[in-house]
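Trainee: just to be clear, the model below is a prediction. Sequence and coordinates:
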Amino acid sequence: MQVPSDLVVPLFLGVLFVLHVVSRPVVVFLHELGHSLMSRAVGASSVDMYVGSYGEQDDAWRVLLPGRITLWFKWRIWPVQGGLCLAKWPEGFSVGTARWVAILVAGPVSSSIVAWSLMWPAFHYNIHGALKFILVAFTVIALLDLMGNLMPSIRSAKQSPGGVVYSDGYRLYLLLSRAWFNIKSPDEVVMDKAIELYNAGNYEASLPLLHDLLDRLPNQHLYQLAFSAYYNTRRFAEALELEEKYPEFATSFDSHGPTRAYLLCRVERLAEAKDLYTQLLAEAPVETRTMLHNNRGYSYLLEGNYEAALRDFNAVLEQEPDNAYTYAQLGRLRLEQGDASGLADLGRALELNPQEPFVFCNLGLHAHAQGRYAEALSYFEQAAAFDAYLHRLAEYTAAARACCPPADKAVLGATQAA
């Protein structure tokens, strides 16, 4: 059947579009696989490889590939998305310029090598014309991917971290400019200053620089620095916000789950914290469960679910009978239930660790509940001497200070001054 002449061009364009939609994920897969295999070859411990998104795991198909490579595939007909490769490196491992160059080049080159490898036998053995046409289209898309990625460019993409995508060529340009000519971009100058402040322990001063850089140049290293700076300054809500903004970077760290659960507890999202601790406990080996049981037990304790909290604390003591933190929280639990043996638990915790801040905090809560506000305030201030950022301590201190009679405050202040 002959196609009407006025439909030839639309049909041809439609076929090209379909070929693009079908071939593009294959090209992206080969591209990211090239990055992933080279990363593993030069020392990465594992790799997360995203096809069809820039780090999204929600609603993505998860496939475990050989070589400790995890593929996250997300199908979109339009707009067709690119991909992302996130490697995990052993602690203290230095990647170096040569390795980074190999990783960056391996992506765009790999898809072109595969395309040309298929083209030669297709024409040599004179296979069917339709298949030749498909392979030619695939090769053209692969070559466009090669040229587009090796050209230094920055383009906007709402789905990517920070809303922008940097080509492999742009990353190569920055890498080689610095390695060969010691040329630094303005962003690199700011980054050096931010890292200098961070390494000096001046986290507050480094944070604005790190956060601004992360928004414009999102990468795993900057995320780690910014997150750590928020964490070290006890700005837990902002640390959690950063983690939720860049999940593809957050999940690349082995400690992500326990850290997220801890942050959820610190910002009073206790139900989410408990659920995550429960999930982590189901997957954790026995020797690593004590911290998870302690923290979940504490979350239950804050909600007043004493039975569940007691189960968690007892699970810890079965493994670690001399855990001072557990005795401190067990003491609070029993005192809140009206059981005076909680004081013995707090005493035991103090014997095991004279600097356990929760001992003094929980003694203060007990004193406050009995109306001994000046004594409570004294205990809270002792707790602050060991950990000024202890969970809810500022709230407890303010409540005790508000209830403390003026005369007692004066006596307490004079005692502290002496």
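Mentor: Yes, it's here. Numbering: from 1, shown residues only.

Trainee: what is the burial count for Thr139?
Mentor: 21 (other CB atoms under 10 Å). For every residue, glycine as well, the C-beta is placed using N, CA and C.

Trainee: repeat that for the one 5 residues further on.
Mentor: Leu144 has 14 neighbouring residues, counting by other CB under 10 Å.

Trainee: give me the pLDDT value at it.
Mentor: We note a pLDDT of 75 for Leu144 in this prediction.

Trainee: over to Leu16?
Mentor: 50.

Trainee: bridging residues for Leu86?
Mentor: Asp48 (DSSP bridges).

Trainee: show me where the stretch 51-200 of the chain has helices.
Mentor: For the stretch 51-200 of the chain, applying DSSP state H, counting those that start in this stretch gives helices covering 97-124, 129-150, 168-181, 186-199.

Trainee: output the last one as PDB, restricted to C-alpha atoms.
Mentor: Only the C-alpha atoms of helix 186-199 are listed here, as PDB (Å, rounded to 0.1, in the frame of the first residue of the first chain):
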ATOM      1  CA  PRO A 186      35.200  31.800  40.900                       C
ATOM      2  CA  ASP A 187      33.200  28.900  42.400                       C
ATOM      3  CA  GLU A 188      36.400  27.000  43.200                       C
ATOM      4  CA  VAL A 189      37.800  30.000  45.000                       C
ATOM      5  CA  VAL A 190      34.700  30.200  47.100                       C
ATOM      6  CA  MET A 191      34.800  26.500  47.600                       C
ATOM      7  CA  ASP A 192      38.400  26.700  48.900                       C
ATOM      8  CA  LYS A 193      37.400  29.400  51.300                       C
ATOM      9  CA  ALA A 194      34.400  27.300  52.500                       C
ATOM     10  CA  ILE A 195      36.600  24.200  53.000                       C
ATOM     11  CA  GLU A 196      39.200  26.300  54.800                       C
ATOM     12  CA  LEU A 197      36.600  27.500  57.300                       C
ATOM     13  CA  TYR A 198      35.100  24.100  57.700                       C
ATOM     14  CA  ASN A 199      38.500  22.400  58.400                       C
END
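
Trainee: mind listing what's buried in that helix?
Mentor: For helix 186-199, burial by neighbour count (16 or more other CB atoms under 10 Å) applies to 190-191, 194-195, 197-198.

Trainee: next: the second one.
Mentor: The neighbour-count check on helix 129-150 (16+ other CB under 10 Å) flags 134-135, 137-139, 141-143, 145-146, 149-150 as buried.

Trainee: re earlier: is it possible to export the helices of the stretch 51-200 of the chain to CSV including distance to Leu280?
Mentor: Listed next are the helices of the stretch 51-200 of the chain as CSV, based on distance: least, CB to CB, whole Å:
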stretch, distance to Leu280
helix 97-124, 32
helix 129-150, 38
helix 168-181, 35
helix 186-199, 29
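
Trainee: which of those helices has the lowest average pLDDT?
Mentor: Mean pLDDT across the helices of the stretch 51-200 of the chain is lowest at helix 129-150; the value there is a mean of 73.

Trainee: so what does it touch, helix or strand wise?
Mentor: helix 5-41, helix 97-124, helix 168-181 (3 or more CB pairs under 8 Å, 6 or more residues apart in numbering; DSSP states H and E).

Trainee: show me what contacts the nearest residue to Thr397 once chain neighbours are set aside?
Mentor: Spatial nearest neighbour of Thr397, chain neighbours left out: Phe380 (4.4 Å); criterion: CB to CB, 6 or more residues apart in numbering. Counting by CB atoms under 8 Å, 6 or more residues apart in numbering, Phe380 makes contact with 360-361, 364, 393, 396-397, 400.

Trainee: got it, and Ser36?
Mentor: Here Ser36 is in contact with 47, 49, 67, 69, 85, 87 (criterion: CB under 8 Å, 6+ apart).

Trainee: of all the residues you listed, which two lie farthest apart?
Mentor: Gly67 and Cys85 (13.0 Å; CB to CB).

Trainee: out of these two, which sits in the more crowded spot?
Mentor: Neighbour count, other CB under 10 Å: between Gly67 and Cys85, Cys85 has more, with 24 against 13.

Trainee: need the contact list for the closest residue to that one other than its chain neighbours.
Mentor: Of all residues not flanking Cys85 in the chain, His35 sits nearest, at 3.8 Å (CB to CB, 6+ apart). For His35, the contacting residues are 47, 49, 85, 103-104, 106-107, by CB under 8 Å, 6+ apart.

Trainee: hmm, 7 Å instead?
Mentor: Residues near His35 by CB atoms under 7 Å, 6 or more residues apart in numbering: 85, 103, 106-107.

Trainee: circling back to that earlier point, so which of the helices of the stretch 51-200 of the chain is nearest Leu276?
Mentor: Per CB to CB, nearest to Leu276 of the helices of the stretch 51-200 of the chain: helix 186-199, 28.1 Å.

Trainee: and the helix or strand that Glu243 is a member of, how far out from the chain middle?
Mentor: Element membership for Glu243 (DSSP states H and E) is helix 236-245. Mean-position distance between helix 236-245 and its chain equals 9 Å (CA atoms, centre = their mean, to the nearest Å).

Trainee: and the residue nearest the centre of the chain, what's its pLDDT?
Mentor: With distances taken as CA atoms, centre = their mean, Ala250 lies nearest the centre of the chain, 0.9 Å away. For Ala250, the model assigns a pLDDT of 86.

Trainee: the one 4 residues further on too?
Mentor: Looking at Asp254, its pLDDT reads 73.

Trainee: care to break the protein down by domain?
Mentor: As assigned by automatic domain parsing, the chain contains the domains 5-176, 322-418.

Trainee: OK, contacts around the spatially closest residue to Leu172 that is not a sequence neighbour?
Mentor: Distances taken as CB to CB, 6+ apart place Leu104 nearest to Leu172, at 5.2 Å, with adjacent residues excluded. By CB under 7 Å, 6+ apart, the contact list for Leu104 reads 168, 171-172.

Trainee: got those as a markdown table, with distance to Tyr300 columns?
Mentor: Output for the contacts of Leu104, formatted as a markdown table (distance: CB to CB, whole Å):
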| residue | distance to Tyr300 |
| --- | --- |
| Asp168 | 49 |
| Arg171 | 47 |
| Leu172 | 52 |
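
Trainee: tell me which two of the contacts of His35 sit farthest apart.
Mentor: Largest pairwise distance in the contacts of His35, by CB to CB, is 9.7 Å, between Cys85 and Ala106.

Trainee: gap between the residue lying closest to the residue nearest to the centre of the chain once chain neighbours are set aside and Glu188?
Mentor: Distances taken as CB to CB, 6+ apart place Glu243 nearest to Ala250, at 4.3 Å, with adjacent residues excluded. Per CB to CB, to the nearest Å, Glu243 is found 25 Å from Glu188.
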